[in-house]
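>>> Need the 3D shape of this:
(chains A, B, C and D)
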Number of protein chains: 4
Amino acid sequence: MDSILKQGTYHHSLRVRYGETDQMGRVHHANYLLYMEEARTGMMRALGASYARMEREGIGLPVRKTGLRYRAAAFYEEELVVETRIEGVRVASVTFAYRVVRPEADGEVTLIATGSTELACIAMPEGRLVHLPGEVRAVFEAALGAARR
Amino acid sequence: MDSILKQGTYHHSLRVRYGETDQMGRVHHANYLLYMEEARTGMMRALGASYARMEREGIGLPVRKTGLRYRAAAFYEEELVVETRIEGVRVASVTFAYRVVRPEADGEVTLIATGSTELACIAMPEGRLVHLPGEVRAVFEAALGAARR
Amino acid sequence: MDSILKQGTYHHSLRVRYGETDQMGRVHHANYLLYMEEARTGMMRALGASYARMEREGIGLPVRKTGLRYRAAAFYEEELVVETRIEGVRVASVTFAYRVVRPEADGEVTLIATGSTELACIAMPEGRLVHLPGEVRAVFEAALGAARR
Amino acid sequence: MDSILKQGTYHHSLRVRYGETDQMGRVHHANYLLYMEEARTGMMRALGASYARMEREGIGLPVRKTGLRYRAAAFYEEELVVETRIEGVRVASVTFAYRVVRPEADGEVTLIATGSTELACIAMPEGRLVHLPGEVRAVFEAALGAARR
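Alright, predicted model coming up:
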């Protein structure tokens, strides 16, 4: 269950919980938003821009827009890897893109889902749109640059 | 999906969501805590002691203790009824008891689960234990009396 | 908490649960997928094409693609309405579109979120893509026609 | 995020997800059942009695009874450790006990919650009570013995 950041992509491992399956025997589709959130905030922590600290300083990043495509089913107890990278940075928002894959015994990976989330930057608790803090934006732009290289 | 309060017991109907099932094909056991919470706060609203309003006034009721027994499985799309009553009121805590039942076509009910939750009364956000507000305590005691009668 | 179907749009009411909020004090964004699922399967039941029955007959409709835009925050205990309509029917898939709104005291509604889900039709448990059952497809097309009129 | 089994106790680390908090700013109480489930099934896997494999062989272990006491609040992004041990083994059931703790910077731990779950052994899908498979029971009893030593 390691997590590593390389070339602007954050690789985050997690294991499917029993309670995340549904009666179709697969991971219920809503849980991928939680997997992506766990990966995204793990990436922010790895980049030195902890989301927990941002909130303590009065800045929130609620999800404004999301899109997901489900490519293959994932199952209980499987180890999945969420590959996360920054896709765009603007004055008051940031967009992350994700690939959820299952590493297979033969060294290949199966693509399970792809998605993206656009996050707005707000002052909490009132919710007014504000600029991303300068140092957070710099960190996001560096990761965006590393992903593009 | 009606909810009614009679003789100190609050009858709250809900329908099992697909995402609440697990791969065993039943309602996942953790969801009963959400059903009980929905019923409990619905009861408080019906009693005129809205939990949303309590929180806005700086008082929280986190769960301090819970116990559940699962008697029979419940399934997707079934309509369940959570019967809730107050079991005990103290200076800084209140205990609710629950029966989750499934009404059957023949007019009988199947017992699905029983449980209880003990809630502590705290000042928010710091979490210090405080007395239940007087009017809330009065309302709880009246419901307790009605349930015992 | 009534649900009604008129002119191809299904209006489904629900109340936000405490456990559906997050520490930002709003409904966590993943829960809208559960709200949309509850509304969609309610609509199918109202149309006489119960999803529970489809599964018992060996046909599943897993979500293949989804997109959501969050327009305004929703809060604990609020009553929301999910307006659902069918947006497209194909040989082996169907697309639903949603508007989540909050009715206000003045009779207006606040738009909370919009979204869509594309569902593939599969044979269970193996997951092979199959045609929508004829009667289900007919029901979907009638609802699609009613929504367009 | 390591997990180790020593002297009959399984130490499983996890990090609190954002979506697991509620508007009180803490981990919502229902999530502890998911943490305990993740720890319990991790322990079974470590013991060589994978729950995923049991289900594939037609045996399920639904939760029949649970109890939890919440001792202190846990917060977003904290790393928690769930200490799990087997408390009792019977012909057709097994009971696990849990301590959820938060390791602190000074090397101490804060006790967050304690709990237990009693699991019934059933034949799936019909749900009839059956004996624990011999090798599973032997593994549970060995772990129980190790915990008592």
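>>> Residue A:26: neighbour count?
Residues contacting residue A:26 under the criterion other C-beta atoms under 10 Å in any protein chain shown number 23. All C-beta atoms are positioned from the backbone trio N, CA, C, and that covers glycine.
>>> try residue A:134
The number of residues packed near residue A:134 is 8, by other C-beta under 10 Å.
>>> What's the separation between it and residue A:148?
Residue A:134 is 21 Å from residue A:148, where distance means C-beta to C-beta, to the nearest Å.
>>> Report pLDDT for the most centrally placed residue in chain A.
Nearest to the mean C-alpha position of chain A, counting by C-alpha atoms, centre = their mean, stands residue A:40 at 3.0 Å. Residue A:40 is assigned 98 on the pLDDT scale.
>>> any residue of the helix or strand in which it is found up close to chain B?
Assigned by DSSP states H and E, residue A:40 belongs to helix A:31-46. No: judged by C-beta under 8 Å from any C-beta of the partner chain, helix A:31-46 makes no contact with chain B; its nearest approach is 8.6 Å.
>>> what angle sits between that helix and helix C:31-46?
Angle, helix A:31-46 to helix C:31-46, by axes from the mean of the first three to the mean of the last three C-alpha atoms, to 10 degrees: 170 degrees.
>>> helices and strands around helix A:31-46, which ones?
strand A:3-6, strand A:9-15, helix A:51-56, strand A:63-70, strand A:79-90, strand A:93-103, strand A:109-120 (3 or more C-beta pairs under 8 Å, 6 or more residues apart in numbering or on different chains; DSSP states H and E).
>>> Tell me how many other residues surround residue A:126.
Number of residues near residue A:126 (other C-beta under 10 Å) recorded here: 7.
>>> I meant to write residue A:54 there.
19.
>>> I'd say it and residue A:133 touch.
Yes: contact criterion C-beta atoms under 8 Å: residue A:54 and residue A:133 qualify, at 7.3 Å.
>>> which intervals of chain A have sub-threshold pLDDT?
A:1 (pLDDT under 70).
>>> How about the residues of it by chain D?
Taking C-beta under 8 Å from any C-beta as the contact definition, chain A meets chain D at A:1, A:15, A:17-19, A:33-34, A:37-38, A:41, A:45, A:50-52, A:76-77.
>>> out of those, who's nearest chain B?
Nearest to chain B, judged by C-beta to the nearest C-beta, of these is residue A:19 at 4.9 Å.
>>> I'd guessed the closest one sits against residue B:30; true?
Yes: Residue A:19 is within contact range of residue B:30, at 5.9 Å (criterion: C-beta under 8 Å).
>>> Common neighbours of these two, please.
Shared contacts of residue A:19 and residue B:30 (C-beta atoms under 8 Å, 6 or more residues apart in numbering or on different chains): D:33-34, D:37.
>>> Let me have these in CSV, extended by distance to residue A:9.
Converted to CSV, these look like this (distance: C-beta to C-beta, whole Å):
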residue, distance to residue A:9
D:33, 34
D:34, 28
D:37, 31
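>>> So residue A:74 sits against residue A:112, correct?
Yes: shown here, residue A:74 and residue A:112 form a contact pair, counting by C-beta under 8 Å, at 4.9 Å.
>>> Name the residues contacting each of those two.
Common neighbours of residue A:74 and residue A:112, using C-beta under 8 Å, 6+ apart, are A:80, A:100, A:102.
>>> re the thing from before, turn the helices and strands packed on helix A:31-46 into CSV, columns for distance to residue D:126.
Shown next, in CSV, are the helices and strands packed on helix A:31-46 (distance: least, C-beta to C-beta, whole Å):
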stretch, distance to residue D:126
strand A:3-6, 42
strand A:9-15, 29
helix A:51-56, 46
strand A:63-70, 31
strand A:79-90, 31
strand A:93-103, 31
strand A:109-120, 32
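>>> Out of those, which gets nearest to residue B:140?
Checking the helices and strands packed on helix A:31-46 against residue B:140 by C-beta to C-beta gives helix A:51-56 as the closest, at 34.1 Å.
>>> buried set for that closest one?
A:51-52, A:54-55 (16 or more other C-beta atoms under 10 Å in any protein chain shown).
>>> Could you single out the nearest of these to residue C:141?
Nearest member of those to residue C:141, counting by C-beta to C-beta, is residue A:51, at 45.2 Å.
>>> From what I see, that closest one and residue A:45 are in contact.
Yes: counting by C-beta under 8 Å, residue A:51 does reach residue A:45; the two are 7.4 Å apart.
>>> Pull up the overlap in contacts between these two.
residue D:77.
>>> In three-state terms, how would residue A:73 be classified?
coil (DSSP: H, G, I helix; E, B strand; the rest coil).
>>> what about it, neighbour count?
Neighbours of residue A:73 using other C-beta under 10 Å come to 19.
>>> quick one, phi psi at the nearest residue to it once chain neighbours are set aside?
Sequence neighbours aside, residue A:26 is the residue nearest to residue A:73 in space, at 4.1 Å (criterion: C-beta to C-beta, 6 or more residues apart in numbering or on different chains). Note on residue A:26: its backbone torsions stand at phi -120, psi 170 [degrees, to the nearest 10].
>>> for residue A:26, what are its contacts?
By C-beta under 8 Å, 6+ apart, residue A:26 lies in contact with A:73-75, B:23, C:62.
>>> With residue A:47 instead?
Residues counted as contacts of residue A:47 (C-beta under 8 Å, 6+ apart) are A:5, A:139-140, A:142-143.
>>> Now the buried members of those.
Applying 16+ other C-beta under 10 Å to those flags A:5, A:139-140, A:143 as buried.
>>> okay, these in CSV with secondary structure and distance to residue B:117 next?
Output for the buried ones among the contacts of residue A:47, formatted as CSV (DSSP: H, G, I helix; E, B strand; the rest coil; distance: C-beta to C-beta, whole Å):
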residue, secondary structure, distance to residue B:117
A:5, strand, 42
A:139, helix, 43
A:140, helix, 42
A:143, helix, 44
